[in-house]
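> Need coordinates for the following:
(one chain, ligands or ions: 1)
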Amino acid sequence: MIQKLLIANRGEIAVRIIRAAREMGIATVAVFSEIDADSMHVRLADEAICIGPAPSVKSYLMVPNIIMAAKSSGADAIHPGYGFLAENADFVRHCDEAGIIFVGPSADAIDRMGNKAQARATAQAAGVPVVPGSDGVVETAADAAQFADEVGYPVLIKASAGGGGKGMRVAENADELEKQFTAAKNEAAAAFGNDEAYLEKYLAKPRHVEFQVLADSAGNAVYLFERDCSIQRRHQKLIEEAPSPALTPQLRKKMGEAAVALVKAVDYVNAATVEFLLDKDGKFYFMEMNTRVQVEHPITEQITGIDIIKEQLRIASGEPLSITQDDIELDGHAIEFRINAEDPAHDFRPNPGRIDQLIVPGGFGVRVDTHCYPGYLVPPTYDSMIAKLVIWAPTRDEALARGARALAEMIIDPIKTTIPFHQAALRVDDFIAGDVATDFIETHQIDIEDEG
Ligand code: MV4
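All right, here's what the predicted structure looks like:
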């Protein structure tokens, strides 16, 4: 078992990982940038090491500094959290060379799934449905046009090195194709240093349904059901729920088994999320595979009772999974509301600053994962998420009611947050009915009451 764990992250996920490690008797080492000197993860860890100035590229992304912090503190493992170096294969290789356990998959697994064209081909070979698309990367606009004629417009041009919506262009018809194809490749070359692109039939109004998978080093893998992440704004998730209102038990089993088949096909170890697009006819298609723990992992924990971070630490310690698929039961309904320091009444513009009054809700089925405290200064430097309100209840309707009640209690003054957006979304009939797709925000009137 890991004796001392360095958490190469900050904010709520660093706090979350420290909590799991502490409960397992694992000593913890926090790393922090100068601007994060007073943050909660620094206070909670057994040890804390400053790794540089505020900018991420000079601190949380500085591989040598993090490796040195691990060595000097005697940490035998590093948990990357999400974002930053969580899906950086070179960082994993540096950990391997330093003899430090990386709590996550191998560098090769990250590389394999990071190349979206290769991930798609791997999914296809594992028998996982993929969107009708090109067979690997497409070299020329002429080849792209030929493919598009075969499957019909609209088509999506996707960058191999892209993901999460980056490097994606839609071509509505043949006239647009060459322009969009060239633009996508130029954008990918500029953004990722890799201009490879592939094509897929564009699915209208899909849902984003992702399956949580845990795989150990003995070849066992289980799925922990799904999360519906369709409520997004510019590819930033805002509300996630588990299970998805759109799945039947039969479809859940099919998708879960497909997710496990893909994870096993790539000899994957640790936590993974297999993302699918679900169309209105209930057909599902592989979209991407994430090789990190996700922001929204708590809703899966709430409906299964499984601590995903602890399972990651056990797997990284070489322990076999303590659960089989038959042990995992889906209980109730969970919803996560991401509380960001943004002003939804003004195009979600960032609104960092000092928190003077902080009242977090509680009660049965209410969990708040946050690193904030009264007096905490939310820095402008990093991601704007400052808390996750995670609701559980026996049914979806009760979870909606509990969510509205908890949001009404939550006070984070004087900074603007996304709380009013969530309260407004809970009043939208289609959301209440669970009848949403990834274009929900663009296609619905969400009346946000400006807190003045
Ligand atoms: C798609 C799609 C429709 N058809 N692929 C967005 C980011 C990346 N995960 C892939 N994405 C999409 N791929 C096909 N063939 C629509 C999206 C998409 C999307 C997917 C999930 C969640 C939100 C989204 C917002 C816009 C587009």
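
> Find the nearest non-adjacent residue to Pro154, please.
Among residues not flanking Pro154 along the chain, Tyr202 sits closest, at 4.1 Å (C-beta to C-beta, 6 or more residues apart in numbering). In short, each C-beta sits where N, CA and C put it, glycine included.

> Neighbours of the one you found, how many?
Tyr202 sits with 19 neighbouring residues when counted by other C-beta atoms under 10 Å.

> Quick check: phi and psi at it.
Dihedral pair for Tyr202: phi -80, psi 120, per degrees, to the nearest 10.

> for it, what are its contacts?
Tyr202 sits next to 153-156, 170 when contact means C-beta atoms under 8 Å, 6 or more residues apart in numbering.

> just checking, which of these belong to strands?
155-156, 170 (DSSP state E).

> which one among the contacts of Tyr202 gets closest to the ligand?
Leu156 (4.7 Å; C-beta to the nearest ligand atom).

> thought that closest one was touching Met168?
Yes: the criterion here is C-beta atoms under 8 Å, and Leu156 meets it with Met168 at 6.1 Å.

> and the longest helix that the chain contains, what does it pack onto?
Ordering each helix of the chain by length in residues (DSSP state H) puts helix 174-192 first. Packing partners of helix 174-192 (3 or more C-beta pairs under 8 Å, 6 or more residues apart in numbering; DSSP states H and E): helix 141-151, strand 155-163, strand 166-171, strand 197-201.

> For Ala109, which residues are in contact?
Under the criterion of C-beta under 8 Å, 6+ apart, the neighbours of Ala109 are 266-269, 291.

> what does the stretch 1-150 of the chain put close to the ligand?
Val131 (C-beta under 6 Å from any ligand atom).

> Name the nearest residue to the residue nearest in space to the middle of the chain, sequence neighbours excluded.
The C-alpha lying nearest the average C-alpha coordinate of the chain belongs to Gln294 (C-alpha atoms, centre = their mean; 3.5 Å). Nearest residue to Gln294, sequence neighbours excluded (C-beta to C-beta, 6+ apart): Thr273, at 5.4 Å.

> In which helix or strand does the one you found reside?
If you go by DSSP states H and E, Thr273 is part of strand 270-278.

> repeat for Pro298
Judged by DSSP H and E, Pro298 forms part of helix 297-304.

> now that helix against strand 270-278, angle please.
On the basis of axes from the mean of the first three to the mean of the last three C-alpha atoms, to 10 degrees, helix 297-304 is oriented at 90 degrees to strand 270-278.

> Run the chain-centre distance for helix 297-304.
Relative to its parent chain, helix 297-304 has a centroid offset of 13 Å by C-alpha atoms, centre = their mean, to the nearest Å.

> Then stretch 373-393?
16 Å.

> so how far does it reach from one end to the other?
26 Å (C-alpha to C-alpha, to the nearest Å).

> Please name the residues that touch Ala261.
126-128.

> should've said Arg314
If you count contacts by C-beta under 8 Å, 6+ apart, Arg314 has them with 1, 322.

> so it is in which element?
Using DSSP H and E, Arg314 falls in helix 308-316.

> can you give me the offset of that helix from its chain's centre?
On C-alpha atoms, centre = their mean, the centre of helix 308-316 falls 17 Å from that of its chain.

> can you check stretch 225-242 too?
The mean C-alpha position of stretch 225-242 is separated from the chain mean by 9 Å, C-alpha atoms, centre = their mean.

> That stretch and the ligand in contact?
Yes: applying C-beta under 6 Å from any ligand atom, one finds that stretch 225-242 is in contact with the ligand at 232, 235.

> From start to finish, how long is that stretch in a straight line?
First-to-last residue span, stretch 225-242, C-alpha to C-alpha: 8 Å.

> For it, what does the pLDDT average out to?
Averaging the model's pLDDT scores along stretch 225-242 yields 97.

> can you check stretch 65-82 too?
Mean pLDDT, stretch 65-82: 98.

> Looking at the contacts of Ala109, point me to the pair that's furthest apart.
Of all pairs drawn from the contacts of Ala109, the widest gap by C-beta to C-beta lies between Asp267 and Thr291 and measures 12.6 Å.

> the more surrounded of the two?
Thr291 (23 against 14).

> What are the phi and psi values at the more buried one?
phi -100, psi 30.

> Could you do Asp343 as well?
Note on Asp343: its backbone torsions stand at phi -100, psi 100 [degrees, to the nearest 10].

> Would you agree it is in contact with Lys416?
Yes: counting by C-beta under 8 Å, Asp343 touches Lys416, with 3.8 Å between them.

> Pull up the residues of the stretch 351-452 of the chain that are close to the ligand.
Near the ligand, when you scan the stretch 351-452 of the chain using C-beta under 6 Å from any ligand atom, you find Thr438.

> Show me what residue of the stretch 351-452 of the chain gets nearest to the ligand.
Proximity of the stretch 351-452 of the chain to the ligand (C-beta to the nearest ligand atom) peaks at Thr438, 3.6 Å away.

> What sits closest to that residue if chain neighbours are left out?
Closest to Thr438 by C-beta to C-beta, 6+ apart is Ser230, at 5.1 Å.

> That neighbour: helix or strand, and which one exactly?
Short version, using DSSP H and E: Ser230 is in strand 221-233.

> angle of that strand against helix 297-304?
130 degrees.

> Quick one: distance of strand 221-233 to the chain centre.
9 Å.

> Stretch 339-359 now?
That offset, for stretch 339-359, works out to 21 Å (C-alpha atoms, centre = their mean).

> contacting residues around it?
233, 238, 370, 372-380, 384-389, 409-421, 424, 448, 450-451.

> Only C-alpha atoms, please: export it in PDB.
Output in PDB follows, covering the C-alpha atoms of stretch 339-359 (Å, rounded to 0.1, in the frame of the first residue of the first chain):
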ATOM      1  CA  ILE A 339     -20.600  26.300  -8.500                       C
ATOM      2  CA  ASN A 340     -18.300  28.500 -10.500                       C
ATOM      3  CA  ALA A 341     -17.100  32.000  -9.600                       C
ATOM      4  CA  GLU A 342     -18.800  33.400 -12.800                       C
ATOM      5  CA  ASP A 343     -21.600  35.800 -13.400                       C
ATOM      6  CA  PRO A 344     -24.400  33.900 -15.400                       C
ATOM      7  CA  ALA A 345     -26.300  37.200 -15.800                       C
ATOM      8  CA  HIS A 346     -23.300  38.600 -17.800                       C
ATOM      9  CA  ASP A 347     -22.200  35.800 -20.100                       C
ATOM     10  CA  PHE A 348     -20.700  33.800 -17.300                       C
ATOM     11  CA  ARG A 349     -17.700  36.200 -17.100                       C
ATOM     12  CA  PRO A 350     -15.300  35.200 -14.300                       C
ATOM     13  CA  ASN A 351     -15.900  36.900 -10.900                       C
ATOM     14  CA  PRO A 352     -13.000  36.000  -8.600                       C
ATOM     15  CA  GLY A 353     -12.500  37.800  -5.300                       C
ATOM     16  CA  ARG A 354     -12.600  37.400  -1.500                       C
ATOM     17  CA  ILE A 355     -15.400  35.300   0.100                       C
ATOM     18  CA  ASP A 356     -16.800  37.100   3.100                       C
ATOM     19  CA  GLN A 357     -19.800  35.100   3.900                       C
ATOM     20  CA  LEU A 358     -20.000  31.300   3.100                       C
ATOM     21  CA  ILE A 359     -23.000  29.200   4.000                       C
END
